[in-house]
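**Student:** Structure, please.
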Amino acid sequence: MSDLPTLPVTFRPGRTRAVLLTAAVVTFVVVSTIALLLDRLGPGERLSFIFTAAILAGVAVLLARPKVVADESGVTVVNFASTRRLEWAEIVQVHLRVGDPWVFLDLSDGTSLAAIGIQPGIAKAQAIADARALRTLVEARSGEHRA
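**Tutor:** Coordinates of the predicted model:
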């Protein structure tokens with residue numbers, strides 16, 4: 001199939017990631033600068049401002065983490081706080097229905113796994129294209145690897 005993406009391929013919400021990482025940097029810089037410029041703050045208060053800025057930036061970086069990586073042997077789904085490696089044969093179907101916040105993978109054990117790395121939030125057309133590409137890969141690869 002010539003429509004198959006070249007492996008390895010990484011799917012991630014690029015615009016959302018750019019917004020979140022920019023917000024992380026801006027938040028840290030602005031809050032830290034304010035902490036350093038306010039004369040009436042003591043050292044402990046300044047440190048707490050900077051610590052709070054680091055936590056807020058860290059949350060934004062964590063929210064920018066999701067991705068889906070497809071390679072020759074399977075798919076790695078990286079979500080906010082977890083990573084799961086799947087063999088091609090474990091993935092039965094790829095879904096991105098109208099109104100879904102992200103792609104869902106139906107698995108051979110009867111469960112479903114959210115693949116947050118493909119989400120229609122800011123870039124709906126890109127998410128649809130990525131979901132189709134992953135679906136095409138799953139259809140092509142699952143048959144090759146099933147017993």
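
**Student:** Now find how far off-centre the helix or strand containing residue 114 is within its chain.
**Tutor:** Assigned by DSSP states H and E, residue 114 belongs to strand 112-115. The chain centre lies 12 Å from the centre of strand 112-115; the measure is CA atoms, centre = their mean, to the nearest Å.

**Student:** and the next element down the chain from that strand?
**Tutor:** Counting by DSSP H and E, the next helix or strand C-terminal to strand 112-115 is helix 124-145.

**Student:** Show me what that next one is packed against.
**Tutor:** Contacts defined by 3 or more CB pairs under 8 Å, 6 or more residues apart in numbering; DSSP states H and E place helix 124-145 against strand 9-11, strand 67-71, strand 91-95, strand 103-107. Bear in mind the C-beta positions are built from the backbone N, C-alpha and C, glycine included.

**Student:** Could you list the residues in contact with the shortest one?
**Tutor:** Looking back up the chat, that one is strand 9-11. Residues outside strand 9-11 that contact it (CB atoms under 8 Å, 6 or more residues apart in numbering) are 67-70, 117-118, 130, 133-134, 137.

**Student:** Need the distance between the two termini of stretch 7-18.
**Tutor:** Stretch 7-18 has an end-to-end distance of 24 Å (CA to CA, to the nearest Å).

**Student:** What residues sit buried inside that stretch?
**Tutor:** Using 16 or more other CB atoms under 10 Å as the test for burial, stretch 7-18 gives 9, 11-13, 16-17.

**Student:** okay if I get those residues as CSV plus pLDDT?
**Tutor:** Output for the buried residues of stretch 7-18, formatted as CSV (pLDDT from 0 to 100):
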residue, pLDDT
9, 97
11, 97
12, 95
13, 93
16, 93
17, 95
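
**Student:** Which two among these are spaced furthest apart?
**Tutor:** 9 and 16 (18.2 Å; CB to CB).

**Student:** on that earlier part again, partners of the strand holding residue 114, with directions?
**Tutor:** Strand pairing for strand 112-115, using DSSP bridges, gives strand 103-107 (antiparallel).

**Student:** Show me what counts as buried in the partner strand.
**Tutor:** So, applying 16+ other CB under 10 Å, buried residues of strand 103-107: 103-106.
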